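Chemist: Show me the folded form of this:
(2 chains)
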Amino acid sequence: MSAVPLLDISGLTVEFATRRGVVTAIQRVDISVAKGETVGIVGESGSGKSVTSYAVMRILDRAGRVAEGSIAFSGLDLTHAPESELRDLRGREMSMIFQNPRAALNPIRKVGHQIEDVLRQHARAGSGDAREKAIEALLQVRIQRPEERYDAYPFELSGGMCQRVVIALALACRPELLIADEPTTGLDVTTQKAVMDLLVDLTRDRGMSTILITHDLGLAAAYCDKVIVMEKGRVVETAAARDIFTRPAHPYTRKLMRATPRPGITLRDLLPEGEASPLPPPTSGDKTPLLKVENLVKEYPRPDQRNPIARFMPGGKAGAPGPFRAVDGISFEVARGESVGLVGESGCGKSTTSMMVMRLLDKTSGQIMFNGQDIGALAARDFARHPLRSKIQMVFQDPTDSLNPRYTAARAIMDPLYRLGGQSSSGTARARCEELARLVGLPADLLDRFPHQLSGGQKARVGIARAIALEPELVILDEPTAALDVSVQAVVLNLLADLKSTLGMSYLFVSHDLHVVQLLCDRVIVMNGGRIIEEGAASDVLERPQADYTRQLISAIPHPPV
Amino acid sequence: MSATPSREAAIPRQSAGWSATLSHARHVIGENPVTGFSFGLLALLIFLAMFGPLLAPFDPLASDTAAALQAPTARHLFGTDQLGRDIFSRVIVATRLDMAIAIFSVALVFVVGGLAGIAAGFFGGWTDRIVGRIGDTIMAFPLFVLAMGIVAALGNTVTNIIIATAIINFPLYARIARTEASIRRDAGYVMAARLTGNSDLRIALTTIMPNILPLMMVQMSLTMGYAILNAAGLSFIGLGVRPPTPEWGIMVAEGAGSIISGEWWIALFPGLALMVAVFCFNLIGDGLRDIVDPSRRT
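Modeler: Numbering: from 1, shown residues only, chains lettered A, B, ... in the order given. Coordinates of the predicted model:
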């Protein structure tokens, strides 16, 4: 490592002008990145990790400004550099990868052309060799058959593939610094591993420096040399990746580490020391099946079959494959008082399955028995007013999206009480609503707020209160913590476990994260391609996976070095 | 669970209900001078519409041939027309009629077009096709000519002007409501509403509609100006309100011929009133959206 760092941020303070006066987003942040070094910035939402990177690229909002401090990039002061110089720097000397790869690509331009644009912009290619160089760039991010992919539009590529294209774009001009802002959030674990491995290999080969911004300590530890932990706009700890796990110095780092799900722990281990009451004993359960799914199938017509004209075109019907089977004949049971995890990557059919059990979607064939009654036979559109509706409820993945922006928290929780709970007077409904709020740990004075005035964790609590308002027997949890910070996730998972033991519900927990599922569930079902790959007790599946696919899933989860 | 994230304490307590809406409205109006100005103009228009006949110094219909075609003076601020009627009084009194036509026609199309659009976007299928084709059919005509045709066929009364103005605006409202409803059809909170036992109709009316209201509000204020112009236009070509009723469009029409002979004030002042009203409604849209949308209430 050279003595002069490639990037040297010292005493950086960024302020935002808002309606309530000036808000300091980050305060006196010092970060240095040496040449060839990979630095991870870890923190929860609102910690200022993204603002720091935006300040480096000088792409802050108009309301934001660097109030103090300096950013030196190989000797150049970025805080005072003119815009023209910066424009030249961005993309050529430093590049950035954003969270959502699909949003970062122009949807109506071929990916090959988009790479060419960058190359030409910085005069790395002329019209003669642009195509050749773009294909080479695609090849370097390990995209198979790059000549064909050159002509693809972003919507024709999978999420992982899009992120590879974005990486190709970012690295096309061989920059010295790459800032990756949550590059794998929203991707499946196996895809995450492939993308991260690729990223690390490429940057190492080229001697590039990388700043990896993430909320996942495990990911940062697995791929970075140095980890910087940020909390509320301040750097609280800077240490080598190895040391941060063995000897975390700052209490916040310890709290983050504790809250990260990992093998061999119980739910209570996620909470800060001293705050955890003993875990309620596992409910014995009378083991009578509450939900019994048999040979459930969901088929979707392929696009060309939906088009009536295509049927009459030559070769339109003869060679076409059958309808697409999103769920391909699965059978499983959920016993009374049991929690079952449904695990798999995106597109494995787990969400389709949960929607069908939820009766929001009609099955193609098979049976869904709930309490001995075939609810699968009832049309999804009529189920809203069925008496069993109140017995099956759901906690949604995105707490923001699942709350009506025009309802206060109290109104959202009371909605099921009015519609299905037979409550008609606002007084009794309000009393029940406050009781539910107490149950999920939501302060009563927040009940009159609108969703945008609540934090992610609070919104999650509102969603949970709404789901349990009617004392359902089965609650489907659709990745209820995927959009939450780890420390909030820890609290919410514990809350769910407590609620289950007090109210005696069954859970069907749909998730892509085996570690999280193992904490909450007794049994795990692993799905892939619409079929059940493996099924068994949570600890068995995690520790002694039988199927190759399960093994792949488990090994792809980034492990903090313990 | 006693673990309360520290963030919860950071947001100041918000008072709910009307007082919050009012204080928010005050903030929005105060924040942007243009919004404040346009709301001031609106207040003036509403005031004139309500009390115009009381404020007018002369009877708007009384003719005084001795004082015909006088240029603006202290006695007749806007001058007098061919029959010696006071233009100032006529402009003020006309406010009520023009505003009424605009407000009722926009309210009509807001309800009908908005509901049709929501039904089309939310239910899809045949509802969508029928509403879409009705909209396309209306759009196939030059809109003003269509309005002319409707009024000519139904007879030129104020009610028919309102209906004609509503019909030509229908596709606009139906399309916006349809797009917004179909975006929100698959939102998480709509699914959640379904789980809590709301029927489809209920979801459309209590969940979807309030959420697209802010956007429709902007549309309303924009078409309000257009509706005034349309009503005035119909009157201008003789298909709207019948003379001698004071109405801005007719007054411009009556004065148009006299501009060449030097009596510019007959057409100018009602024209200016028309312009100010349209201008006011066009400006007000953004401010209105900010007031109606609770997520702007930070």
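Chemist: looking at it, B:Met251 is touching B:Arg90, isn't it?
Modeler: Yes: using C-beta atoms under 8 Å, B:Met251 makes contact with B:Arg90 at a distance of 6.2 Å. C-beta coordinates here come from the backbone N, C-alpha and C atoms, glycine included.
Chemist: which stretches of the stretch 401-550 of chain A form helices?
Modeler: Using DSSP state H, counting those that start in this stretch, the helices found in the stretch 401-550 of chain A span residues A:409-419, A:426-439, A:456-468, A:486-503, A:514-520, A:538-543, A:548-556.
Chemist: Chain B too?
Modeler: B:7-10, B:18-31, B:33-55, B:87-123, B:125-139, B:143-154, B:158-184, B:188-195, B:200-202, B:209-236, B:248-256, B:265-292 (DSSP state H).
Chemist: Tell me the helix or strand right after the helix or strand bottoming out on mean pLDDT in chain A.
Modeler: Using mean pLDDT, DSSP states H and E, the weakest-scoring helix or strand in chain A turns out to be helix A:303-306, at a mean of 56. Using DSSP states H and E, the next helix or strand after helix A:303-306 towards the C-terminus is strand A:324-335.
Chemist: Dump that next one to PDB, restricted to CA.
Modeler: This file holds the C-alpha atoms of strand A:324-335, laid out as PDB (Å, rounded to 0.1, in the frame of the first residue of the first chain):
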ATOM      1  CA  PHE A 324     -45.700 -22.100 -18.000                       C
ATOM      2  CA  ARG A 325     -46.000 -23.900 -14.700                       C
ATOM      3  CA  ALA A 326     -45.200 -21.500 -11.900                       C
ATOM      4  CA  VAL A 327     -46.200 -24.000  -9.200                       C
ATOM      5  CA  ASP A 328     -45.800 -27.600 -10.300                       C
ATOM      6  CA  GLY A 329     -47.800 -30.000  -8.200                       C
ATOM      7  CA  ILE A 330     -46.600 -29.400  -4.700                       C
ATOM      8  CA  SER A 331     -48.000 -30.900  -1.500                       C
ATOM      9  CA  PHE A 332     -47.300 -29.900   2.100                       C
ATOM     10  CA  GLU A 333     -49.000 -29.500   5.500                       C
ATOM     11  CA  VAL A 334     -48.900 -26.900   8.200                       C
ATOM     12  CA  ALA A 335     -50.000 -28.100  11.600                       C
END
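Chemist: Remind me what whichever helix or strand comes after that strand packs against, helices and strands.
Modeler: As assigned by DSSP H and E, the chain's next helix or strand after strand A:324-335 is strand A:339-343. In terms of contacts (3 or more C-beta pairs under 8 Å, 6 or more residues apart in numbering or on different chains; DSSP states H and E), strand A:339-343 is packed against helix A:350-357, strand A:506-511, helix A:514-520, strand A:523-528.
Chemist: and of those, who's closest to chain B?
Modeler: helix A:350-357 (8.8 Å; C-beta to the nearest C-beta).
Chemist: which residues sit against the closest one?
Modeler: Outside helix A:350-357, the residues within contact range by C-beta atoms under 8 Å, 6 or more residues apart in numbering or on different chains are A:291, A:293, A:296, A:298, A:326-327, A:330, A:342-344, A:361-363, A:368, A:376, A:392, A:394, A:474, A:476, A:478, A:508, A:510, A:527, A:530.
Chemist: What are the buried residues along stretch A:512-529?
Modeler: Neighbour counts over stretch A:512-529 (16 or more other C-beta atoms under 10 Å in any protein chain shown) mark A:512-528 as buried.
Chemist: what's around residue 36, how many residues?
Modeler: With no chain named, the answer covers chain A. By other C-beta atoms under 10 Å in any protein chain shown, 17 other residues sit near A:Gly36.
Chemist: hmm, I had chain B in mind actually
Modeler: Neighbour number of B:Gly36 under other C-beta under 10 Å is 15.
Chemist: Centroid-nearest residue for the chain?
Modeler: You didn't say which chain, so I picked chain A. A:Gly186 (4.4 Å; C-alpha atoms, centre = their mean).
Chemist: please go with chain B instead
Modeler: B:Met224 (2.2 Å).
Chemist: so that one makes contact with B:Ala100?
Modeler: No: applying C-beta under 8 Å as the test, B:Met224 and B:Ala100 come out as separate, 11.8 Å apart.
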